[in-house]
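J.: with the input below, show me the fold.
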Amino acid sequence: MTVQDIRSFNRFYTNVIGALDHGRHLYAPYTLTESRVLYELAHAPRTDAADLRGRLHLDAGYLSRILNRFEEDGLVERGPSETDPRRRGVRLTGRGREAAALLDERAREAVGAMLATVRAEDRPRLAEAMRTVREILGGGRAPRPQDVVLRDPAPGDLGWIVQRNAALYAAEYGWNADYEGLVARIVADYAEDHDPHLERTWVAELDGRPVGCVMCVRDDAPGAARLRLLLVEPDARGLGIGDRLVGAVVGFAREAGYREVALWTNDVLTTARRIYQRHGFVLVAEKPHRSFGQDLVGQDWRLDLHATPE
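T.: Next comes the predicted model:
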């Protein structure tokens, strides 16, 4: 392979991607860079300007101008970072999330239309070729936290949530098919009837594959949300994915107007419990029970959103 081979491929692929943006419809009224900033904010709800600069390799002044425009348009809010008061935190407003969702929908439609022109028998070859390019040019480096994105579920992801919950809890804790049935009912209820303004699912993606998930749904108690089905794949642990997923639920619940977030877990899930505690959840009740083929201690945790600082 020569330098010219790579440059030729780059020109080809740039033309393919450019063809998806007919008359700038895909990104309008934003530039490509502005759209990338919106995408990052939508998939990392608790971030700051310094992190954005690092992930997108942007000049500080250029990013500042973009964020100023977004703030003037009511797309973002800025304030002290939750993790470092010396930094400026940035998060999308409701209007900003709508703009990011519209851009994401357009991108999905455009790429879907392109993929529709590829024969079904050629798609596995294409996917494998793309993975090969990523692996070789990635230099075999270990994944980093910034390589993980949080996104809405794509077709097939809800089924993945059921399958992975069942498989992982069976392998790690010996839970039987009763747990798979419970997860399937939760996911089916969400798929059949959920209010996107009050309920949401996040999938954590790393190198093009799902590696984690969580749900925020309405609780039976008035004004309360419920966190459900937090999961992180074993080979993706240590990247802060669970913390980001719980943070996404808490941020969404607060912005949706809930007064508290509730969750039910079991005492054997020690790592998850530590994450909940870091986000301010408090254990309010626990009770032994026999479920999923095991003797367990169920725990109810709650987070008072009014008592938690923004």
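J.: so which bits of the helix ranked longest in the chain are buried?
T.: The longest helix of the chain (DSSP state H) is helix 94-116. Of the residues in helix 94-116, those buried under the neighbour-count criterion (16 or more other C-beta atoms under 10 Å) are 96-97, 99-100, 103-104, 106-107, 110. Quick note: C-beta positions are derived from backbone N, CA and C, even for glycine.
J.: same check, this time on stretch 38-53
T.: Neighbour count says stretch 38-53 has 38-52 buried, by 16+ other C-beta under 10 Å.
J.: which one of these is nearest Q277?
T.: R46 (17.2 Å; C-beta to C-beta).
J.: surely R123 is in contact with A116?
T.: No. Judged on C-beta atoms under 8 Å, R123 makes no contact with A116 at a distance of 10.4 Å.
J.: which stretches in the stretch 1-150 of the chain count as helices?
T.: 3-20, 32-43, 49-56, 60-72, 94-116, 123-137 (DSSP state H, counting those that start in this stretch).
J.: so where's this protein shaky on pLDDT?
T.: Counting by pLDDT under 70, the chain contains low-confidence ranges at 18-27, 44-46, 81-85, 139-140, 308-310.
J.: now the strands for it?
T.: 47-48, 76-80, 88-92, 148-151, 200-206, 209-218, 224-232, 260-266, 282-291, 294-304 (DSSP state E).
J.: what residues are up against the residue nearest to L296 when sequence neighbours are not counted?
T.: Distances taken as C-beta to C-beta, 6 or more residues apart in numbering place N266 nearest to L296, at 4.6 Å, with adjacent residues excluded. Neighbour list for N266: 296-299 [criterion: C-beta atoms under 8 Å, 6 or more residues apart in numbering].
J.: just L230 next, same as before
T.: 213-214, 242, 245-246, 272, 275.
J.: repeat for V246
T.: Here V246 is in contact with 214, 227, 230, 275-276, 279 (criterion: C-beta under 8 Å, 6+ apart).
J.: got a markdown table for those residues, with distance to N68 too?
T.: Output for the contacts of V246, formatted as a markdown table (distance: C-beta to C-beta, whole Å):
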| residue | distance to N68 |
| --- | --- |
| V214 | 32 |
| L227 | 34 |
| L230 | 36 |
| I275 | 34 |
| Y276 | 36 |
| H279 | 31 |
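J.: for these, which one is nearest E180?
T.: Among the contacts of V246, and counting by C-beta to C-beta, the member closest to E180 is L230, at 16.4 Å.
J.: ok, that closest one to V268 distance?
T.: Here L230 is placed at a distance of 14 Å from V268 (C-beta to C-beta, to the nearest Å).
J.: in the protein, which residue is most central in space?
T.: L150 (1.7 Å; C-alpha atoms, centre = their mean).
J.: doesn't R244 make contact with that residue?
T.: Yes. Taking C-beta under 8 Å as the definition, L150 is a contact partner of R244 at 6.2 Å.
J.: out of the strands of the chain, which comes closest to M130?
T.: Across those, closest to M130 is strand 209-218 (C-beta to C-beta), at 12.0 Å.
J.: for that closest one, buried residues please.
T.: 210-218.
J.: identify the farthest-apart pair in those residues.
T.: That would be V211 and R218, which, of the buried residues of strand 209-218, are the farthest apart (C-beta to C-beta) at 26.5 Å.
J.: distance check, the closest residue in space to V37 that isn't next to it in sequence against L32.
T.: Leaving aside its chain neighbours, V37 sits nearest to I66 (5.5 Å; criterion: C-beta to C-beta, 6+ apart). Applying C-beta to C-beta, the value for I66 to L32 is 12 Å.
J.: same check on G251?
T.: From G251 to L32 the distance is 26 Å (C-beta to C-beta).
J.: what about those two, which has more around it?
T.: Applying other C-beta atoms under 10 Å to G251 and L32 shows that G251 carries more neighbours, namely 17 against 11.
J.: the more buried one contacts T93, doesn't it?
T.: No. At 11.8 Å, G251 does not count as touching T93 under the criterion of C-beta under 8 Å.
J.: returning to what we had before: so which of the helices of the stretch 1-150 of the chain is nearest D193?
T.: helix 94-116 (19.7 Å).
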